[in-house]
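Trainee: Let me see the structure of the following:
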Amino acid sequence: MLSDDVRREVAAALAEAERSRRPIPPLRQTWPAIDVVDAYEIQLMNIRQRLDDGATVHGHKVGLSSKAMQEMMGVDEPDYGHLLSDMAVSAAEPVSAGRYCTPRVEVEVAFILGATLPGEGCTEDDVIAATEAVAPAIELIDSRITAWDIKIADTIADNASSAGYVLGPERVAPTELDLTAVEARLLKNGEQVAAGRSDAVLGNPVTAVAWLARKVASFGVTLEAGHVILPGSVHRAIDVTAGDDFEAVFDGLGSVRLAFTE
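Mentor: The predicted model follows:
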């Protein structure tokens with residue numbers, strides 16, 4: 001466990017790494033006493049600063065939503081991060097890869113909430129009832145830790161390694177799809193580089209959203225009407241280089257694009 005002063009030191013180091021695009025060594029090496037509680041508090045310190053600087057909360061993302069990733073990190077539950085207004089990117093305008101340290105992309109089924117979710121005790125039925133629509137999404141992830149050398153505290157403190165997101169135009173009611181069986185393919189410069197199915201996310205992405213609602217409630221946070229929730233990737237993350245043009249194509253849910261320049 002770290003003191004509040006040390007937590008502020010870690011938060012400042014991560015914020016500077018993001019601003020300068022110069023990754024720092026793993027937090028667990030520089031601050032060996034860091035734990036998961038510290039990491040969430042550090043994440044929140046930087047989120048509060050960005051909100052003070054004018055950003056707004058657009059939603060949240062779930063990370064480590066596959067059992068394989070949890071086993072690799074030595075944990076038994078997912079983690080989460082924030083989606084802020086300054087993280088939204090556009091399918092219509094290429095993103096500069098140079099804005100990030102070591103960017104990657106993931107394909108996800110996004111949930112758009114039409115009503116605020118309950119916190120403690122939130123169920124999958126609650127999620128379906130509160131979801132206005134699901135949409136195709138690409139999450140842009142990045143690590144402010146050198147060479148993606150991360151363990152659980154590193155990624156949580158670093159806003160769950162999140163950096164941006166984009167939604168495609170399609171909107172489908174959650175009751176009109178089998179949300180456990182949405183097939184998706186990721187094309188990079190016209191060639192398929194990854195594929196997966198929505199049940200890669202805890203067996204059902206709805207389960208991930210319900211977990212998130214319960215988890216954030218312990219920090220006094222609610223998932224509100226209008227928020228976008230990214231429940232986790234359907235496949236492994238794919239590295240980004242300048243000039244790449246990605247398209248994620250979903251069966252029954254349309255598609256979404258994201259391109260990168262220098």
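Trainee: so where is the stretch 51-200 of the chain shaky, pLDDT-wise?
Mentor: Across the stretch 51-200 of the chain, the ranges flagged by pLDDT under 70 are 67-70, 72.
Trainee: if you go through it in chain order, where are the strands?
Mentor: 57-63, 79-84, 95-96, 104-113, 131-141, 162-167, 183-188, 191-197 (DSSP state E, counting those that start in this stretch).
Trainee: Adding mean neighbour count, write the ones you listed out as JSON lines.
Mentor: (Each C-beta comes from the backbone N, C-alpha and C, glycine too.) JSON lines is the format used below for the strands of the stretch 51-200 of the chain (neighbours: other C-beta atoms under 10 Å):
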{"stretch": "strand 57-63", "mean neighbour count": "23"}
{"stretch": "strand 79-84", "mean neighbour count": "24"}
{"stretch": "strand 95-96", "mean neighbour count": "16"}
{"stretch": "strand 104-113", "mean neighbour count": "26"}
{"stretch": "strand 131-141", "mean neighbour count": "24"}
{"stretch": "strand 162-167", "mean neighbour count": "23"}
{"stretch": "strand 183-188", "mean neighbour count": "19"}
{"stretch": "strand 191-197", "mean neighbour count": "15"}
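Trainee: got the contact list for residue 193?
Mentor: 186, 187, 238 (C-beta atoms under 8 Å, 6 or more residues apart in numbering).
Trainee: how close does it get to residue 178?
Mentor: 25 Å (C-beta to C-beta, to the nearest Å).
Trainee: Excluding covalently adjacent residues, which one is nearest to residue 128?
Mentor: Counting by C-beta to C-beta, 6 or more residues apart in numbering, the nearest residue to residue 128 once its immediate chain neighbours are dropped is residue 174, at 5.2 Å.
Trainee: quick one, phi/psi of the residue nearest to residue 124 when sequence neighbours are not counted?
Mentor: Spatial nearest neighbour of residue 124, excluding adjacent residues (C-beta to C-beta, 6+ apart): residue 206 at 4.7 Å. Per-residue torsions, residue 206: phi -60, psi -40 (degrees, to the nearest 10).
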